[in-house]
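Student: predicted coordinates and the sequence they were generated for:
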Amino acid sequence: MPGSSFGKLLVLSTFGESHGPAIGGVLDGFPAGIKIDEDFIQSQMDRRKPGQSKISSQRKESDQVQILSGVFNGISTGTSIGLLIPNNDAKSKDYDHLKDSYRPSHADRVFQQKYGHRDYRGGGRASARETAVRVAAGALAAQIIPKVKIQAYVSAVGPNSLDPALDLDLSQIDAHISRCPDAATAAIFEEAILKARKSGDSLGGIISCRISGVEPGLGEPVFDKLHANLAKAMMSINAVKGFEIGSGFAAAKMKGSEHNDTYNDRGERTSNNAGGVEGGISTGADLFFRVAFKPVATIMQDQQGLNSEGEPEIIKGKGRHDPCVVPRAVPIVEAMAALVLADHYLLNRSSKI
């Protein structure tokens, strides 16, 4: 399927549907000689998998990654790395009622219009189940750039936001099931998600990501600017509706004298409104960006959808779904960032002799 590959030199191609026998991918362009930490890969998978807490989908998947090729004796060989993740807990009958129906704000109708045929079980290829492969590939990509530290966390759930003035301890991200590093705010987020679940509704949210250890010079003007590729990576994640880096949309309200990252006498930038990217190229400062997720489209309430004849039809959500996707999306954001940065790291090796 066109559009199932991502990257320039480090290229991930994924396959599979939510309720098929397995999902998987092929990661091409991975350099030889890198010691592969499979425990790290699995730990990232465990952060994304369903059924991990009371605020996530109760689908039970072990998400054990099988590395089929490209690694021998724990070291990358330089050939394509094949990845396979079996689907063990698909309950396709939960979607029988959608065979001839289109849910609001899902890909049901547009897939039918585009292809003339669709897999209606769990959304098929449009399901966020596909992102499990990205997490595995991103965990591999992170091992190309071990000096880079990528830390994403939940900074908003529905109308509730993390106070930007807080001095955050990002080592505490996984201490809370909402993946917010501040205990008090994490409790508020958790309560809001549980309340939405109880009422059969859902909530959106924001994931913030801070990346340190990025060398200056990553980015390929003009169409492959670093922040442009980060934006594409994040916007390719299911349910993402917005991306901003550095000062983001707030920059539109500022004067140049307020926004410019000026220098001190030691040649250091006195601010980082650029978010670590100038002219599409990394500055060496921390990258900082935010990703906005819409509320999960499947809710346990009656909504008006359409049937295949174009007639209005009342549809009620069934199955197992996250009332808020952002806690489980944290490792997906990190994985996509790792794929972008590793790809640009490899590209930068050929930028000059």
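Tutor: In hand now; what should we look at?
Student: let me know the outermost residue of the protein.
Tutor: Asp265 (39.3 Å; CA atoms, centre = their mean).
Student: let's verify that residue: helix, strand, or coil?
Tutor: Three-state assignment for Asp265 (DSSP: H, G, I helix; E, B strand; the rest coil): coil.
Student: could you pull out the strands for the stretch 201-350 of the chain?
Tutor: For the stretch 201-350 of the chain, the strands defined by DSSP state E, counting those that start in this stretch occupy 205-212, 240-245, 277-278, 281-282, 287-293, 302-307, 312-316.
Student: to Gly16, which of those lies closest?
Tutor: Using CB to CB as the measure, strand 240-245 is the one of the strands of the stretch 201-350 of the chain that comes nearest Gly16, at 20.3 Å. Using the backbone N, CA and C atoms, a C-beta is placed for each residue, glycine as well.
Student: quick check: buried residues in the closest one?
Tutor: Neighbour-count burial for strand 240-245, counted by 16 or more other CB atoms under 10 Å, picks out Val240, Gly242, Phe243, Glu244, Ile245.
Student: in a markdown table: those, plus pLDDT and distance to Ser101.
Tutor: Below are these laid out as a markdown table (pLDDT from 0 to 100; distance: CB to CB, whole Å):
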| residue | pLDDT | distance to Ser101 |
| --- | --- | --- |
| Val240 | 98 | 25 |
| Gly242 | 98 | 29 |
| Phe243 | 98 | 32 |
| Glu244 | 98 | 36 |
| Ile245 | 98 | 39 |
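Student: tell me which of the strands of the stretch 201-350 of the chain sits nearest to Ala187.
Tutor: strand 205-212 (15.1 Å).
Student: roughly how far is that closest one from the heart of the chain?
Tutor: In terms of CA atoms, centre = their mean, to the nearest Å, the centre of strand 205-212 is found 11 Å from the chain centre.
Student: ditto for stretch 78-90
Tutor: On CA atoms, centre = their mean, the centre of stretch 78-90 falls 18 Å from that of its chain.
Student: quick one: buried residues of that stretch?
Tutor: Using 16+ other CB under 10 Å as the test for burial, stretch 78-90 gives Ile81, Leu83, Leu84, Ile85, Pro86, Asn87, Ala90.
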